[in-house]
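**Student:** could you work out the structure for the sequence below:
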Amino acid sequence: MGIKDKVLNPWIRLSVFFLVACFLLIFNNCQESYMAKINSQNVINQFDKKTEKNTPVTMLNNELKGVLMPTIKIKTYEYIGKLKIKSLNINLPVMAEWDYERLKIAPCRYSGSIYDNNLIIAAHNYKSHFGALSQVNLGDYVEFIDAYGVIHAFEVLNIEVLQAEEIEKLLDNNKNEWDLTLFTCTMSGKSRYVIRCEQVIY
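**Tutor:** Alright, predicted model coming up:
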């Protein structure tokens, strides 16, 4: 074995190691995405069965600020509603609270309330969750259906990319500038794709 071969061998082994690591990472992401799709669909089926058919009179009142969002318990988790984006063929449940384990199952409420016009929903960029969020266009319609079955309709009015550390800009929604915000990580994971919506009346 020549000197050149001795120099190349460590690099070849290192290259093979990184290729295998990349393959395993991609495989793991695909598996998580597939399981997220199955879990979300199962939850949607249960959610639709448990959604209240009779809307309480209080829900028909225009003054809902400060009203706690009703939840539906499915297995061990609470859900506040479901999100529909027809242009992306999205129909997903939304968990009442967020953490990284919950995000593997379904989109989660990051903060706010649908009744206070400042709801922020986060999800992984799984293909079955918010992976296609970058394909949303201005003017697209978004629906949030709460646990009583009440449909809240929105129009996409702003699309932006924020850096991961720009939490304050993301939470500017608490100033009630936007009625609904959806966000997910970009493919690099270093920034967030953010969709801002305003409530509309059909």
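
**Student:** contacts and neighbour counts: CA atoms only from here.
**Tutor:** OK.

**Student:** quick one: terminal-to-terminal distance for stretch 169-181?
**Tutor:** Length of stretch 169-181, first residue to last, CA to CA, to the nearest Å: 12 Å.

**Student:** ok, now stretch 179-192?
**Tutor:** Rule used - CA to CA; the end-to-end distance of stretch 179-192 is 18 Å.

**Student:** next, the buried residues of that stretch.
**Tutor:** Neighbour counts using 16 or more other CA atoms under 10 Å place Asp179, Leu180, Thr181, Leu182, Phe183, Thr184, Cys185, Thr186, Ser191, Arg192 of stretch 179-192 among the buried residues.

**Student:** of those residues, closest to Lys86?
**Tutor:** Of all the buried residues of stretch 179-192, Leu182 has the smallest distance to Lys86: 14.8 Å, by CA to CA.

**Student:** ok, the closest one touching Glu198?
**Tutor:** No: Leu182 lies out of contact with Glu198 (CA atoms under 8 Å); the separation is 11.7 Å.

**Student:** what's stretch 71-85 in contact with?
**Tutor:** 43-44, 46-47, 50-51, 69-70, 90-97, 141-147 (CA atoms under 8 Å, 6 or more residues apart in numbering).

**Student:** show me just the buried residues among those residues.
**Tutor:** The buried subset of these (16+ other CA under 10 Å) comprises 43-44, 46-47, 51, 69, 90-97, 141-147.

**Student:** now, which of these lie within helices?
**Tutor:** Under the assignment DSSP state H, the buried ones among the contacts of stretch 71-85 contribute Val43, Ile44, Gln46, Phe47 to helices.

**Student:** quick one: those as TSV, columns for distance to Phe154 and pLDDT too.
**Tutor:** TSV is the format used below for those (distance: CA to CA, whole Å; pLDDT from 0 to 100):
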residue	distance to Phe154	pLDDT
Val43	23	76
Ile44	20	79
Gln46	25	81
Phe47	21	80
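
**Student:** in a markdown table: the residues you listed, plus distance to Phe130.
**Tutor:** Putting those into a markdown table (distance: CA to CA, whole Å) gives the following:
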| residue | distance to Phe130 |
| --- | --- |
| Val43 | 17 |
| Ile44 | 16 |
| Gln46 | 21 |
| Phe47 | 20 |
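
**Student:** wait, a helix at Asn39?
**Tutor:** Yes: judged by DSSP: H, G, I helix; E, B strand; the rest coil, Asn39 forms part of a helix.
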